[in-house]
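Student: Starting from these lines, generate the structure:
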Amino acid sequence: MEYCKYHPIIPATYKCHSCQTFHCNDCCNHASRSQIGICYLCHEEEESLGVSNNVTPFWRRLQESFRYPINFDSLLLIIGLSILTAVAAYMPFSILINLLLTSALLKYSFSCLDNTSHGILKAPDMNDAYGGGFGLALQVIFMVIVVIAVIWATSYFIGNMLASIVAIILIAGFPAMMINFAMSEDLFEALNPLKMINLMSSIGLPYGLLLAFIMIMTGSVSVISQIIGSDFSMITTILQSIVSNYYTIVIFHIMGYMIYQFQDELGFESSAILTSDVPQKSVLENNLTHIDILLKEGDFDEATRMFSEIIKTYPDEGQLKYRYFELLIATHNSEELNKFASDYLLYLLKSNREDQISFTYKRILKLIPQFKPDTPELRVKLANICQQNGDVQSVIKLINGIHKDFPNYENIVDAYELMYNALILMPKLKKQAQMCRLLIEKLQK
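Tutor: From the prediction side, this is the model:
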């Protein structure tokens, strides 16, 4: 399984052959609501990896597999068939009745396999156990007879040693036969040894894990049966049937999940691929994702340029302003920060975030010691906030020289009154406070 370059714990859904990188849905630019994806960096079309690369391996979801039959329909079917199996032992034509009951279980189990192979991880309705099950059971029985016949013929005509090897191969390959039968719905294709070997080799080691789990579950049925009891009472028979039927559905579900997981290797097209729909992003979301990728690639200049352009298009997007400000601070871009700082401070004021303004102003001063907002109203408002926070030095810095910078500002007197109140709080600046008072009187006249 490949993982997204920018989200290492998320499985990739696309590959850019130009950049030789893997991306998840979020890190791919989708031109439309389709599987087509464009690389944000090189702008080339990416290859879809399909659903299979995004599927959790079956051995990592065993708990979910064992919980699969635990729902009303499945449990009702399991218990109902188990009771009927126990009752059938005391009825005439019990063999035929058991065959019909086995047919219902196989029909339902194959429905579980088929649904799971298409990414439907919920057990089907109980009604799926009816209709066509008898023919299905006969085909499965025929497959078993063929396997036994091949082993017997090998033993009779060649020898027991080779027959043992053939038996091991065919028994190990029987789940592959069932999987091929489920995919092709063709009995003779399922019995084709080349198809069986091809499926086993395509899946590889995970197929061995499947065999191990089947052996463990089969063995556990025997153990549980011994715990329940070896007598032939109806209760014991029902309990043993419940355990056996439950594990049968779990095994078929796991086989279906293997088809779903290895669909590319098996040449199987899950309906999940056809129906999957990538949520389309807005233009703003697309741009923000592009910027995130540029930042992760270390291209801060291009990210800064994009932020600057996007903010002109979306002047009211506060989150956009915040992220741009943080980028400028982090990259120590004093030139762009000097252009943007006043706009950001004004945004904080309009958003009633006065608690952040004083701290933000100090962060700006670290990069631009001589910075002052570009409007007198903003300077005075910022000075008022600084005074409320006890930062008298910032008050003096902001107001000093405002009459020269903005000679037509109507509230110059009030601004210098604010500065005077700050100066008198600093014992070493009494002289400057007196000069400020004289300036105020002069401005008043």
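Student: Every contact and neighbour count from this point should use C-alpha atoms.
Tutor: Will do.
Student: In which helix or strand does residue 256 reside?
Tutor: helix 234-261 (DSSP states H and E).
Student: gap between that helix and the chain center?
Tutor: Distance of helix 234-261 from its chain centroid, counting by Cα atoms, centre = their mean, to the nearest Å, is 30 Å.
Student: need the helices for the stretch 51-200 of the chain, in chain order.
Tutor: Secondary structure of the stretch 51-200 of the chain by DSSP state H, counting those that start in this stretch: the helices cover 62-67, 72-88, 94-117, 133-157, 160-184, 187-191, 193-203.
Student: Go through the shortest one and flag the buried ones.
Tutor: This means helix 187-191. The neighbour-count criterion (16 or more other Cα atoms under 10 Å) identifies 187, 189, 190, 191 as the buried residues of helix 187-191.
Student: quick one: contacts for residue 79?
Tutor: 238, 242 (Cα atoms under 8 Å, 6 or more residues apart in numbering).
Student: From start to finish, how long is stretch 365-384 in a straight line?
Tutor: 17 Å (Cα to Cα, to the nearest Å).
Student: wait, what's in contact with residue 22?
Tutor: By Cα under 8 Å, 6+ apart, residue 22 lies in contact with 2, 3, 4, 5, 12, 13, 14, 15, 16.
Student: from the residues you listed, which single one is nearest residue 116?
Tutor: Of all those, residue 116 sits closest to residue 13, with 20.3 Å by Cα to Cα.
Student: Next, count neighbours for the closest one.
Tutor: Neighbours of residue 13 under the rule other Cα atoms under 10 Å: 26.
Student: distance of residue 76 from residue 287?
Tutor: Taking Cα to Cα, one finds residue 76 at 52 Å from residue 287.
Student: what about these two, which has more around it?
Tutor: Remark: of residue 76 and residue 287, residue 287 carries more neighbours, 18 against 14, as counted by other Cα under 10 Å.
Student: and the gap between that one and residue 207?
Tutor: 44 Å.
Student: would you list every one of the helices in the stretch 251-400 of the chain?
Tutor: 263-266, 271-275, 283-296, 300-313, 318-330, 334-350, 354-367, 376-388, 392-399.
Student: what's the least confident stretch among the ones you listed?
Tutor: Lowest mean pLDDT within the helices of the stretch 251-400 of the chain: helix 271-275, at a mean of 47.
Student: what's near enough to touch the nearest residue to residue 337 once chain neighbours are set aside?
Tutor: In space, and not counting its chain neighbours, residue 337 is closest to residue 328: 6.0 Å by Cα to Cα, 6 or more residues apart in numbering. Residues near residue 328 by Cα under 8 Å, 6+ apart: 304, 334, 336, 337.
Student: Equivalent analysis for residue 317, please.
Tutor: Counted by Cα under 8 Å, 6+ apart, residue 317 has contacts residue 311.
Student: Can you pull the phi and psi angles for it?
Tutor: Dihedral pair for residue 317: phi -80, psi 100, per degrees, to the nearest 10.
Student: least trustworthy helix or strand in the protein by mean pLDDT?
Tutor: helix 271-275 (a mean of 47; mean pLDDT, DSSP states H and E).
Student: Low-confidence ranges, the stretch 101-250 of the chain, go.
Tutor: For the stretch 101-250 of the chain, the stretches with pLDDT under 70 are 132, 228-232.
Student: what helix or strand is residue 440 on?
Tutor: Short version, using DSSP H and E: residue 440 is in helix 430-444.
Student: what packs against that helix?
Tutor: Judged by 3 or more Cα pairs under 8 Å, 6 or more residues apart in numbering; DSSP states H and E, the packing partners of helix 430-444 are helix 412-423.
Student: ok, now how distant is residue 17 from residue 24?
Tutor: 14 Å.
Student: One more: residue 145?
Tutor: Counting by Cα to Cα, the gap from residue 145 to residue 24 is 48 Å.
Student: More neighbours: those two, which one.
Tutor: Legend: neighbour count by other Cα under 10 Å for residue 145 and residue 24, higher for residue 24 (22 against 12).
Student: can you pull the contacts of the more buried one?
Tutor: 3, 4, 7, 10, 11, 12, 13, 14.
Student: Give me the pLDDT for it.
Tutor: 87.
Student: Contacts for stretch 147-159, please.
Tutor: Taking Cα under 8 Å, 6+ apart as the rule, stretch 147-159 contacts 160, 161, 162, 163, 164, 166, 167, 170.
Student: buried ones in that stretch?
Tutor: 147, 151, 152, 154, 155.
Student: how far away is the fourth one from residue 170?
Tutor: Read that as residue 154. Counting by Cα to Cα - residue 154 and residue 170 are separated by 12 Å.
Student: Please identify the helix or strand for residue 47.
Tutor: According to DSSP H and E, residue 47 maps onto strand 45-48.
Student: same check, this time on residue 18
Tutor: Assigned by DSSP H and E, residue 18 falls outside every helix and strand.
Student: need the contacts of stretch 147-159 in CSV with neighbour count and distance to residue 80, can you?
Tutor: Listed next are the contacts of stretch 147-159 as CSV, based on neighbours: other Cα atoms under 10 Å; distance: Cα to Cα, whole Å:
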residue, neighbour count, distance to residue 80
160, 14, 42
161, 11, 44
162, 13, 43
163, 19, 40
164, 15, 38
166, 18, 38
167, 19, 35
170, 20, 33
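Student: Include distance to residue 430 when you put those residues into a markdown table, please.
Tutor: As requested, those are exported to a markdown table (distance: Cα to Cα, whole Å):
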| residue | distance to residue 430 |
| --- | --- |
| 160 | 113 |
| 161 | 110 |
| 162 | 109 |
| 163 | 109 |
| 164 | 107 |
| 166 | 105 |
| 167 | 104 |
| 170 | 101 |
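Student: for the closest residue to residue 306 other than its chain neighbours, what are its contacts?
Tutor: For residue 306, ignoring the flanking residues on the chain, the nearest one in space by Cα to Cα, 6+ apart is residue 291 at 7.1 Å. With contact set as Cα under 8 Å, 6+ apart, residue 291 has these partners: 303, 306, 307.
Student: Would you mind measuring from residue 291 to residue 300?
Tutor: Relative to residue 300, and taking Cα to Cα, residue 291 is found at 9 Å.
Student: same deal with residue 157?
Tutor: Using Cα to Cα, we find residue 157 at a distance of 76 Å from residue 300.
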